[in-house]
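Asks: Sharing a model that was predicted from the sequence below.
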Amino acid sequence: MGIVLKFCGAARTVTGSCYWLRTDTCSFLVDCGLFQGPETLKELNYGAFPFDPARIDFVLQTHAHIDHSGLLPKLFKSGFAGPVFLTRGTRDLLSFMLPDSGHIQETEVEQLNLRNAKRGRPSVEPIYSRRDAEACLHHFRVVDYETWVEVGEGVSARFWNAGHILGSASIEIEIATNSKEQRLLRLLFSGDIGPEHKLFHPDPDAPENFDYLICESTYGGRGRTRADDEERRLILAEAVKAALRNDGMLLIPVFAVERTQELLADLTVLHESGAIRPVPIFLDSPLAIRATEVFQRYADELEILAKRPGLLSNVNIHFTETVEESKAIARIHGGAIILAASGMCDAGRVRHHLRRLLWRRDATILLVGYQAPGTLGRLLGDGARAVRIMGDDIRVRASIRQVDVYSGHADGDELVDWVRERLPVKRAIYLCHGEEDASDAMRNELVRQGLDADRIIVPVLDDEIDLLGNGVRPRQRRAPRRLPPEAIGQLDWHNDYAMFLLDLREALDQAADERSRRALLRRLRKAFERDA
């Protein structure tokens, strides 16, 4: 009997989480996420899956974040018809997150096709539509935490609270084998692990003693500011007061689930205590508004909301659902806080606010979460002097600040501690869901603490492992990789092109006169002719 694991996403990158397992009796996925970041990586969302969706029997879903769930509608659209096993919280979040994702894709493709038509380029189709997303919701099957469920022939699963977001889980899997030497193969997929002492959730939990551990490594090798509730709010208060000084504007790009609700709760506490002056807070994201309503519905199960259920209903908080309400925010020129999705600045209403505010010296952009390579948020965090947003070149004059006390991920030390608590792991540990440097740093730290270096592996996209074979390293692939390893998790030519245009514009602006500008353009044309 063979049991094969293929890394179809989140391998040396933090997005596109998808793991394909196949046995003699069934074929299934753990997660089916959307790729985010550089255009080269995002183009994988439009291509064929590296498996036949019609032959997948079921999906085990760790949590609701789009980089883990965002290709579920495409999976169904492509022929999958089985159940998706998930927790109740994940189901409730995905009931509006996936339709919202479909709507965003339809809207953005419509805008792209208008630009393509003007440029004489062919039109493109969205990855899936809102209707496709709504159709897949009927296949969700809710499971309870810490309860074994027979999910397929010879396969059982148990979900453990991962402490990351509402409904998040690490998934324990047992697969029956016909081997006399080993009747049962035990695996644990970490999903995304939350930090210790998170605002809404208990610390992450899971059992120990597995054959294989597939673990995230987002913050491998990186520590973060350790702050309790009071210290975290002081850090936020300092950033807010600095931004609002002289009636400035504060824009916070937010992830709709968890980060938004944590910020709303802390801003409410800071308002009530007088630590910051009361100003209008605009939650400008229909998705984040729906998520906030779910959090209010689950208040009894969320640690701080069970004690203070009113934290998410501050009178200063204004929910702006419609496009007209969102546009009306532009009439406010100072003394306000805007929370808008998306958290990496690559989609949604936040881009409109960035286009309006980035050039203003009295504006502040506060980044509060992980920014993947190639995203607009990463470029801003890395100090870009100018950026391109929806075809416009924008000079960055606003203050760009980052705080790391709101991350939903365990940091490097917490990840290592979590892995050590899962020991022994008899066969191998695979480090995924991290940039290559982060995964390598986490591997090196585990080795430093005494784990066998040969059994800690950082796989590459589309690697395959025979889990019952003699080796634990990737085997020879029968199909070519969708991307070469050196193209994963890196800036691509699309990023280089955008930066070239910005640099060219700056050089032309700084040229002494018309003659100098034309001379510069002639030199560029000659360079193109030499390379042609």
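Replies: Here it is on my side, so go on. All of these numbers come straight from a predicted model, not from anything done at the bench. Numbering: from 1, shown residues only.
Asks: Would you map the helices across the stretch 251-400 of the chain?
Replies: For the stretch 251-400 of the chain, the helices defined by DSSP state H, counting those that start in this stretch cover 259-273, 286-297, 303-307, 323-328, 350-357, 376-381.
Asks: would you list these in CSV and tack on mean neighbour count?
Replies: Glycine gets a C-beta too; all of them are placed from N, C-alpha and C. Shown next, in CSV, are these (neighbours: other CB atoms under 10 Å):
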stretch, mean neighbour count
helix 259-273, 21
helix 286-297, 20
helix 303-307, 14
helix 323-328, 13
helix 350-357, 21
helix 376-381, 22
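Asks: among the ones you listed, which gets the worst mean confidence?
Replies: Mean pLDDT values for the helices of the stretch 251-400 of the chain show the minimum at helix 303-307, a mean of 68.
Asks: So E435 is in contact with A10, correct?
Replies: No: counting by CB atoms under 8 Å, A10 is not a contact partner of E435; they are 10.8 Å apart.
Asks: More neighbours: which of those two?
Replies: More crowded of E435 and A10, by other CB atoms under 10 Å: A10, with 27 against 20.
Asks: who touches the more buried one in this structure?
Replies: Neighbour list for A10: G16, S17, C18, D31, G33, D67, E216, C432, H433 [criterion: CB atoms under 8 Å, 6 or more residues apart in numbering].
Asks: So which of those belong to helices?
Replies: Residues of the contacts of A10 located in helices (DSSP state H): D67.
Asks: Just among the contacts of A10, which is most surrounded?
Replies: Highest neighbour count within these: S17, with 33 neighbours (other CB under 10 Å).
Asks: Out of the helices of the stretch 251-400 of the chain, which gets nearest to L98?
Replies: helix 286-297 (10.4 Å; CB to CB).
Asks: Any chance of a markdown table for the helices of the stretch 251-400 of the chain, columns distance to D100?
Replies: Below are those laid out as a markdown table (distance: least, CB to CB, whole Å):
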| stretch | distance to D100 |
| --- | --- |
| helix 259-273 | 14 |
| helix 286-297 | 5 |
| helix 303-307 | 23 |
| helix 323-328 | 14 |
| helix 350-357 | 14 |
| helix 376-381 | 19 |
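Asks: Can you pull up the most central residue in this structure?
Replies: Centroid-nearest residue in the chain, with CA atoms, centre = their mean: D67, separated by 4.8 Å.
Asks: which strands and helices sit next to the helix or strand where L504 lies?
Replies: Using DSSP states H and E, the element containing L504 is helix 493-510. Helices and strands touching helix 493-510, by 3 or more CB pairs under 8 Å, 6 or more residues apart in numbering; DSSP states H and E, are helix 39-42, strand 386-389, strand 392-395, helix 514-531.
Asks: Check what contacts that helix and list those residues.
Replies: The contact list for helix 493-510 (CB under 8 Å, 6+ apart) reads 38-40, 374, 379, 384-388, 393, 517, 520-521, 524.
Asks: Kindly recompute the last result at 6 Å.
Replies: E39, G374, A386, R388, D393, R517 (CB atoms under 6 Å, 6 or more residues apart in numbering).
Asks: between those residues, which is closest to H271?
Replies: Among these, A386 lies closest to H271 (CB to CB), at 35.1 Å.
Asks: what's the burial count for that closest one?
Replies: Residues near A386, counting by other CB under 10 Å, number 19.
Asks: can I assume T62 is in contact with I193?
Replies: No: look at T62 against I193 with CB atoms under 6 Å: they stay out of range, at 10.3 Å.
Asks: could you give the mean pLDDT of the helix holding L504?
Replies: 76.
Asks: angle of that helix against helix 514-531?
Replies: Orientation check (axes from the mean of the first three to the mean of the last three CA atoms, to 10 degrees): helix 493-510 against helix 514-531 gives 150 degrees.
Asks: List the buried residues in helix 493-510.
Replies: N495, A498, M499, L502 (16 or more other CB atoms under 10 Å).
Asks: got those as TSV, with distance to L188 columns?
Replies: Converted to TSV, the buried residues of helix 493-510 look like this (distance: CB to CB, whole Å):
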residue	distance to L188
N495	36
A498	40
M499	41
L502	45
